[in-house]
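# Everything below, folded, please.
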Amino acid sequence: MTDTAPAPMATPPSPMRRPAYRRLMVGWFATNLGDSALYLVLAIWVRELTGSNSAGALVFLFLALPALLAPWAGQLADRVRRRPLMILTNLGTAAVILTLLLVRGPAQVWLIYAVAFGYGFSAYLTSAAQAGLLRDLLPDEELGSANGIFTSIDNGMRIVSPPLGAGLYVLAGPWVVVAVSVTGYLVMALMLLSVRIVESLPEPRTGDETPWGEISAGFRELHRDPLLRLLTLAAAAGFGLTGILNATVFPLIEHGLQAGPAALGPAQAIQGVAALAGGLVSAALLRRIGERRLFAWGMTLVAIGSFAAFAIVQWPLPEAWMRWVGIALVQWPVGFGVPWVIVGLSTLRMRLVPRRLQGRASAAMNVSISVPQMLLLAIGTAAMVVVDFRWLLLASAVGIGGAAVAVWRSRVPDDGERTDAAVTAER
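Numbers count the residues shown, from 1 in each chain. The predicted structure is shown next:
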């Protein structure tokens with residue numbers, strides 16, 4: 001009897017073996033560190049200059065408004081070379097943030113709003129261009145890992161950077177935070193200057209294509225494939241309803257934890273740690289179960305966390321430790337679920353969409369998620385005046401659960417089960 005040596009296990013595909021991806025990751029880390037530190041400091045700064053909570057909250061509105069311009073950002077990213085565009089965008093964003101050095105008092109608050117809008121728009125432009133760069137750089141089997149790593153960096157920085165930025169603001173003032181943020185964008189520009197990526201060539205505009213036809217091409221592309229259309233609509237509905245969860249976060253803390261607003265920080269940290277972990281395991285899960293099921297499980301977890309939020313305010317727990325366990329049962333499923341939804345949808349989009357439509361498709365996906373979320377946040381905030389917030393929590397949980405069920409129950413076949421030539425065409 002002859003012993004046969006076991007076949008070596010195949011090494012999982014990883015973008016980390018590619019120097020260009022590693023440098024992009026370093027740049028992504030640097031810009032996220034500065035970005036996450038700055039956005040909260042801008043609101044604190046305006047609140048301190050004006051003494052108005054509403055004026056401080058307006059910073060978040062100016063950060064969100066560029067979502068309406070995302071289709072134009074995607075259009076630009078598809079019509080020019082993306083690496084030079086990202087270099088110029090990062091250098092330009094650094095220059096815009098430096099104008100904060102001109103702020104001396106309440107009379108310059110408008111400048112803070114303008115900077116918030118400008119660097120909010122740059123995020124959409126960078127996202128659209130980066131989607132195309134990753135598609136050109138990586139084969140299909142490495143896209144899930146790449147998206148998972150970037151999502152983990154996003155969520156990790158949301159844990160570390162806001163308290164870091166706020167602490168630096170208290171200890172040294174806003175100028176140090178401005179310096180950190182500017183440095184992050186300069187590092188990304190330097191990393192992009194040092195990489196070499198063979199880009200797909202920009203496609204010239206055809207004579208019979210209208211400007212609106214160009215801009216809306218990303219939405220049409222998301223609609224073209226049945227599975228991509230299903231997941232996009234489910235994400236728009238499910239993530240849109242998380243806007244109501246965001247609107248009810250302070251009543252949730254007050255009644256669920258029976259604590260003041262300061263408890264929001266530790267509660268959000270729980271979600272951030274879970275999101276970091278969820279992003280790190282997303283690529284391995286994606287290889288096992290595919291984009292559709294990863295998305296469906298992620299949306300299911302968000303729904304479970306939403307129902308838990310309703311439960312802990314509807315049936316208050318008697319002990320403080322029990323209430324913190326209850327909040328963890330809200331935050332952990334949501335934290336794990338959101339990265340799975342994003343990685344599943346983003347990877348499917350990058351695989352199925354042609355290379356020179358990646359920018360517009362990425363922008364269209366961002367709009368499809370961000371705009372419903374903004375609208376429902378506003379509606380939820382207004383509705384709390386006349387409706388008990390508990391029913392808003394329940395309604396959002398039911399809606400998010402419905403989005404998950406729609407994905408699980410849909411008869412749309414997975415990509416691997418289809419023979420549509422458009423899906424298998426060369427990208």
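# for the residue nearest to Leu377 when sequence neighbours are not counted, what are its contacts?
Closest residue in space to Leu377, ignoring its immediate chain neighbours: Gly243 at 3.6 Å, by C-beta to C-beta, 6 or more residues apart in numbering. To be clear about C-beta, it is placed using only N, CA and C from the backbone, and glycine gets the same treatment. If you count contacts by C-beta atoms under 8 Å, 6 or more residues apart in numbering, Gly243 has them with 372-380.
# From the residues you listed, which land in helices?
372-380 (DSSP state H).
# Now which of these would you call buried?
By neighbour count, with 16 or more other C-beta atoms under 10 Å, the ones in helices among the contacts of Gly243 hold 372-374, 376-377, 380 as buried.
# How much space separates the residue nearest to Leu377 from Leu392?
Distance, Gly243 to Leu392, by C-beta to C-beta, to the nearest Å: 11 Å.
# Overlap of the contact sets of the two?
With C-beta under 8 Å, 6+ apart as the test, Gly243 and Leu392 both reach Gly380.
# Redo the buried ones among the ones in helices among the contacts of Gly243 as JSON lines? Include pLDDT.
Listed next are these as JSON lines, based on pLDDT from 0 to 100:
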{"residue": "Pro372", "pLDDT": "87"}
{"residue": "Gln373", "pLDDT": "84"}
{"residue": "Met374", "pLDDT": "80"}
{"residue": "Leu376", "pLDDT": "84"}
{"residue": "Leu377", "pLDDT": "79"}
{"residue": "Gly380", "pLDDT": "81"}
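# Report the separation between the residue nearest to Leu377 and Ala395.
In terms of C-beta to C-beta, Gly243 sits 12 Å off from Ala395.
# How about Val334?
Applying C-beta to C-beta to Val334 and Ala395 gives a distance of 17 Å.
# Please tabulate the buried ones among the ones in helices among the contacts of Gly243 in CSV, including the columns distance to Gly74.
Below are these laid out as CSV (distance: C-beta to C-beta, whole Å):
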residue, distance to Gly74
Pro372, 18
Gln373, 18
Met374, 18
Leu376, 23
Leu377, 23
Gly380, 28
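# Among these, which one lies nearest to Ala146?
Gln373 (24.5 Å; C-beta to C-beta).
# quick one, what contacts that closest one?
239-240, 242-243, 246.
# same thing with Val281?
Val281 touches Gly148, counting by C-beta under 8 Å, 6+ apart.
# ok, now with 10 Å
Applying C-beta atoms under 10 Å, 6 or more residues apart in numbering to Val281 gives the contacts 148, 152, 336, 339-340, 343.
# And for Arg104?
Arg104 neighbours (C-beta under 10 Å, 6+ apart): 49, 111.
# Can you tell me how far it is from Trp45?
Taken as C-beta to C-beta, the span from Arg104 to Trp45 is 12 Å.
# One more: Val353?
39 Å.
# any low-confidence regions in the stretch 51-200 of the chain?
53-54, 57, 162 (pLDDT under 70).
# pLDDT score for Arg205?
Arg205 carries a pLDDT score of 68 in this model.
# so which helix or strand takes in Trp324?
Following DSSP states H and E, the helix or strand that holds Trp324 is helix 320-352.
# Would you indicate which residues of that helix are buried?
By neighbour count on 16+ other C-beta under 10 Å, the buried set for helix 320-352 is 323-324, 326-352.
# Show me what it is packed against.
helix 109-137, helix 140-172, helix 217-224, helix 226-247, helix 264-314, helix 358-383, helix 389-409, helix 421-424 (3 or more C-beta pairs under 10 Å, 6 or more residues apart in numbering; DSSP states H and E).
# Flag the shaky bits of the stretch 251-400 of the chain, pLDDT-wise.
260-265.
# Test my guess that Ser362 contacts Arg355.
No. Taking C-beta atoms under 10 Å as the definition, Ser362 is not a contact partner of Arg355, at 11.9 Å.
# any shared contact partners between those two?
78, 131-132, 135.
# tell me which of those residues is nearest to Leu222?
Nearest to Leu222 among those, with distances taken as C-beta to C-beta, is Ala131, at 12.7 Å.
# Could you report the separation of the closest one from Ala403?
23 Å.
# same check, this time on Val182
From Val182 over to Ala403 (counting by C-beta to C-beta), the distance is 39 Å.
# Same question for Val330.
Counting by C-beta to C-beta, the gap from Val330 to Ala403 is 18 Å.
# Ala131 and Ala403: who's more crowded?
Ala131 (29 against 26; other C-beta atoms under 10 Å).
# check contacts around the closest residue to the more buried one other than its chain neighbours.
Nearest non-adjacent residue to Ala131, counting by C-beta to C-beta, 6+ apart: Ser362, 3.9 Å away. Contact analysis of Ser362 by C-beta under 10 Å, 6+ apart lists 70, 73-74, 77-78, 124, 127-132, 134-135, 218, 222, 346, 349-350, 353.
# So Trp324 sits against Leu317, correct?
Yes. Counting by C-beta under 10 Å, Leu317 is a contact partner of Trp324 at 9.2 Å.
# shared neighbours of those two, anything?
256-257.
# what domains does the record give for this protein?
14-199, 214-413 (automatic domain parsing).
# burial count for the nearest residue to Leu285 once chain neighbours are set aside?
Leaving aside its chain neighbours, Leu285 sits nearest to Leu294 (5.5 Å; criterion: C-beta to C-beta, 6+ apart). When neighbours are counted by other C-beta under 10 Å, Leu294 registers 27.
# any idea how far Leu294 is from Val281?
10 Å.
# Equivalent analysis for Trp324, please.
From Trp324 to Val281 the distance is 24 Å (C-beta to C-beta).
# so how far is the helix holding Trp324 from its chain's centroid?
Between the centre of helix 320-352 and the centre of its chain there are 12 Å (C-alpha atoms, centre = their mean, to the nearest Å).
# If you compare the directions of it and helix 109-137, what angle comes out?
If you take axes from the mean of the first three to the mean of the last three C-alpha atoms, to 10 degrees, helix 320-352 sits at 60 degrees to helix 109-137.
# Could you report the pLDDT at Ala421?
For Ala421, the predicted pLDDT is 43.
# what's Phe336 in contact with, if anything?
Contacts of Phe336 by C-beta under 10 Å, 6+ apart are 271, 274-279, 281-282, 297-298, 301-302, 304-305.
# Leaving out sequence neighbours, find the closest residue to it.
Nearest one to Phe336, counting by C-beta to C-beta, 6+ apart, is Gly278 at 3.8 Å.
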